[in-house]
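**Student:** Provide a 3D model corresponding to the input given below.
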Amino acid sequence: MDTVKQDEIRQAVRQQYAQVANRDEAAGCGCGPSCCDAPTPSASSLSQALGYTAVEVGMVPSGANMGLGCGNPQTIAALKVGETVLDLGSGGGFDCFLAARQVGETGQVIGVDMTPEMISKARGNAQQAGYTQVEFRLGEIESLPVADATVDVILSNCVINLSPDKRRVFAEAYRVLKPGGRLAISDVVALAELPAELQADMALYTGCMAGASLVSVVESMLRAQGFIEIQISPKGDSKTFIQDWAPGTQITDYVVSATIEARKPAT
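**Tutor:** Next up is the predicted model:
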């Protein structure tokens, strides 16, 4: 994919999620132009359908949860007090605030998002709720504004599929992780090659579906960067909510949500 096409995709994704940030109601990860005019469930119910508990949903600042995502990376992160956590595509800060409660005041949580409106929203949420160990940085996940070997755990929820350069995302993730650091990702992956017409549908791309990579390709990209203990676990039951993202299509013949775990070698 050439640089011009990559920039076109990033602009489309940025515009889509700027609109999401500026709305007050729940959005849902896959909600593109084809479905955003339809009534949507509350952010709370959307997130609980993705695997968050009612307690988790209730403990974040108002406005942080917009119902985005395709799973709950917190369940595989095994966060510890004092750790430094990085969230790729942090949105309104939902996963960052949940992580902050687990790493405590001695830990640090960094959210990175390329959409200025999302960064402003997340910073306002943090200030309102007094999260002093959480910060949000404007940047692209292909070029992280984070120093080398400074992060214990990387979280991400349904964002890497939106990148037109996933190899670069995983290279950056490897760079910023400390030796022994780990990935805890929920993302949309492909079980079969998407037809060209679906791949070219920008609404499906910004809706977290058309940009999904094959499981074998994701594993290959992670291994090529040096990650070990790679585990990609597709979730067949995710087809239920993914179908709601693109009604009238056969998208669930090709994509599902999955958890992605990997580790940077300790030495």
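**Student:** And the pLDDT for residue 117?
**Tutor:** With respect to pLDDT, residue 117 scores 96.
**Student:** Render the CA-only coordinates of whichever strand or helix holds it in CSV, please.
**Tutor:** Element membership for residue 117 (DSSP states H and E) is helix 116-129. Extracted in CSV, the C-alpha atoms of helix 116-129 (Å, rounded to 0.1, in the frame of the first residue of the first chain):
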residue,chain,number,x,y,z
PRO,A,116,-7.4,15.5,18.6
GLU,A,117,-11.1,15.4,19.6
MET,A,118,-10.6,12.1,21.4
ILE,A,119,-7.5,13.4,23.2
SER,A,120,-9.3,16.5,24.4
LYS,A,121,-12.2,14.4,25.6
ALA,A,122,-10.0,12.0,27.4
ARG,A,123,-7.9,14.7,29.1
GLY,A,124,-11.1,16.4,30.3
ASN,A,125,-12.3,13.1,31.7
ALA,A,126,-9.0,12.6,33.5
GLN,A,127,-9.0,16.1,35.0
GLN,A,128,-12.6,15.9,36.1
ALA,A,129,-12.1,12.6,37.9
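**Student:** Now the element after it, going C-ward?
**Tutor:** Per DSSP H and E, helix 116-129 leads on to strand 134-138 as the next helix or strand towards the C-terminus.
**Student:** What is whichever helix or strand comes after that next one packed up against?
**Tutor:** Counting by DSSP H and E, the next helix or strand C-terminal to strand 134-138 is strand 151-157. Judged by 3 or more Cβ pairs under 8 Å, 6 or more residues apart in numbering; DSSP states H and E, strand 151-157 is in contact with helix 74-77, strand 84-88, helix 94-103, helix 166-176, strand 177-190. No exception for glycine: its C-beta is placed from N, CA and C like everyone else's.
**Student:** Reformat those as CSV; add mean neighbour count, distance to residue 5 and mean pLDDT.
**Tutor:** What follows is the helices and strands packed on strand 151-157, written out as CSV (neighbours: other Cβ atoms under 10 Å; distance: least, Cβ to Cβ, whole Å; pLDDT from 0 to 100):
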stretch, mean neighbour count, distance to residue 5, mean pLDDT
helix 74-77, 19, 33, 96
strand 84-88, 26, 21, 98
helix 94-103, 24, 29, 97
helix 166-176, 21, 14, 98
strand 177-190, 22, 19, 98
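**Student:** Any chance of those in JSON lines with distance to residue 247 as columns?
**Tutor:** Listed next are the helices and strands packed on strand 151-157 as JSON lines, based on distance: least, Cβ to Cβ, whole Å:
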{"stretch": "helix 74-77", "distance to residue 247": "28"}
{"stretch": "strand 84-88", "distance to residue 247": "28"}
{"stretch": "helix 94-103", "distance to residue 247": "25"}
{"stretch": "helix 166-176", "distance to residue 247": "27"}
{"stretch": "strand 177-190", "distance to residue 247": "17"}
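**Student:** what secondary structure does the nearest residue to residue 128 once chain neighbours are set aside sit in?
**Tutor:** Leaving aside its sequence neighbours, residue 128 sits nearest to residue 61 (Cβ to Cβ, 6 or more residues apart in numbering; 5.7 Å). The assignment at residue 61 comes out as coil when based on DSSP: H, G, I helix; E, B strand; the rest coil.
**Student:** Which residues does stretch 76-88 contact?
**Tutor:** Residues outside stretch 76-88 that contact it (Cβ atoms under 8 Å, 6 or more residues apart in numbering): 95-96, 99, 102-104, 106-112, 141, 144, 146, 150-157, 159-160, 169, 173, 176, 182, 184, 259, 261.
**Student:** Distance from the chain centre to the helix or strand in which residue 5 is found, please.
**Tutor:** Remark: residue 5 resides in helix 3-22, with elements defined by DSSP H and E. Centroid separation for helix 3-22 versus its chain: 15 Å, with Cα atoms, centre = their mean, to the nearest Å.
**Student:** Over to stretch 205-213?
**Tutor:** Computed by Cα atoms, centre = their mean, the chain-centroid distance of stretch 205-213 equals 12 Å.
**Student:** With stretch 144-156 instead?
**Tutor:** Counting by Cα atoms, centre = their mean, stretch 144-156 comes out at 14 Å from the chain centroid.
**Student:** and it, which residues are buried?
**Tutor:** For stretch 144-156, the neighbour count (16 or more other Cβ atoms under 10 Å) marks 144, 146, 151-156 as buried.
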